[in-house]
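*Asks:* show me how the following folds:
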Amino acid sequence: MVDAPAPPRLAFVARVVAEIGAPQSSGQGPSGKRQMIPITGGTIRGAEISGRVLPGGADYQIFRSDGVVEIEARYFVETDAGERVYIHNAGVAHGIDGVLYFRTSPRFETSCERLRWLTTSQFVGTGTPRAGAVELDFFRVL
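*Replies:* Purely as a prediction, here's the structure:
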């Protein structure tokens, strides 16, 4: 019998507060209701990465018939030092007791050597909608 390995640990990386605009929808289709929510700005704050969310990104969503929302957001952040990082954050959202919760797998791309670890690590994210924004916490899998 093989002993079960120790589960991975998580280390907090950053909190993103993404400011959002009004949703745009194409209506109900065969896969569910599709909508796009523009990302208009925001902040990213963490021990190794802090800065601002650049306007121009978007969160694309599909509302499935089982109550789950598939989410896929793509946007850029600019650190306080002027470095650019592309974030692709995909996952699912569902409601528990009337509150929508997100679980995601963020991926990062950057040409910045100081932040290269973002491109070589695995991450998980959690999130909650707020008035006019979405609050996301990113964790590095150790």
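*Asks:* going forward, measure contacts between C-alpha atoms and count neighbours the same way
*Replies:* OK.
*Asks:* name whatever forms a beta bridge with the most centrally placed residue in the chain.
*Replies:* Relative to the mean C-alpha position of the chain, the nearest C-alpha, by Cα atoms, centre = their mean, is the one of Asn89, at 4.1 Å. Partner residues in beta bridges with Asn89: Ala73, Pro106, with DSSP bridges as the criterion.
*Asks:* got a list of what it touches?
*Replies:* Applying Cα atoms under 8 Å, 6 or more residues apart in numbering to Asn89 gives the contacts Ile71, Glu72, Ala73, Arg74, Thr104, Ser105, Pro106, Arg107.
*Asks:* same question for Thr119.
*Replies:* The contact partners of Thr119, taken as Cα under 8 Å, 6+ apart, are Arg107, Phe108, Glu109, Thr110.
*Asks:* so what's the first one up against?
*Replies:* Meaning Arg107. For Arg107, the contact set (Cα under 8 Å, 6+ apart) comprises Ile87, His88, Asn89, Leu118, Thr119, Gln122, Phe123.
*Asks:* same deal with the second one?
*Replies:* With contacts defined as Cα under 8 Å, 6+ apart, Phe108 is in contact with Val85, Tyr86, Ile87, His88, Leu118, Thr119.
*Asks:* now do the SS call for the closest residue to it other than its chain neighbours.
*Replies:* Nearest residue to Phe108 in three dimensions, chain neighbours excluded: Ile87, at 4.8 Å (Cα to Cα, 6 or more residues apart in numbering). Assigned state for Ile87: strand (three-state reduction, DSSP: H, G, I helix; E, B strand; the rest coil).
*Asks:* on that earlier part again, give me the buried subset of the contacts of Arg107.
*Replies:* Listed as buried from these are Ile87, His88, Asn89, Leu118, Phe123; burial here means 16 or more other Cα atoms under 10 Å.
*Asks:* export these as a markdown table, with columns for pLDDT and distance to Pro8.
*Replies:* Output for those, formatted as a markdown table (pLDDT from 0 to 100; distance: Cα to Cα, whole Å):
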| residue | pLDDT | distance to Pro8 |
| --- | --- | --- |
| Ile87 | 98 | 23 |
| His88 | 98 | 22 |
| Asn89 | 98 | 20 |
| Leu118 | 98 | 17 |
| Phe123 | 98 | 11 |
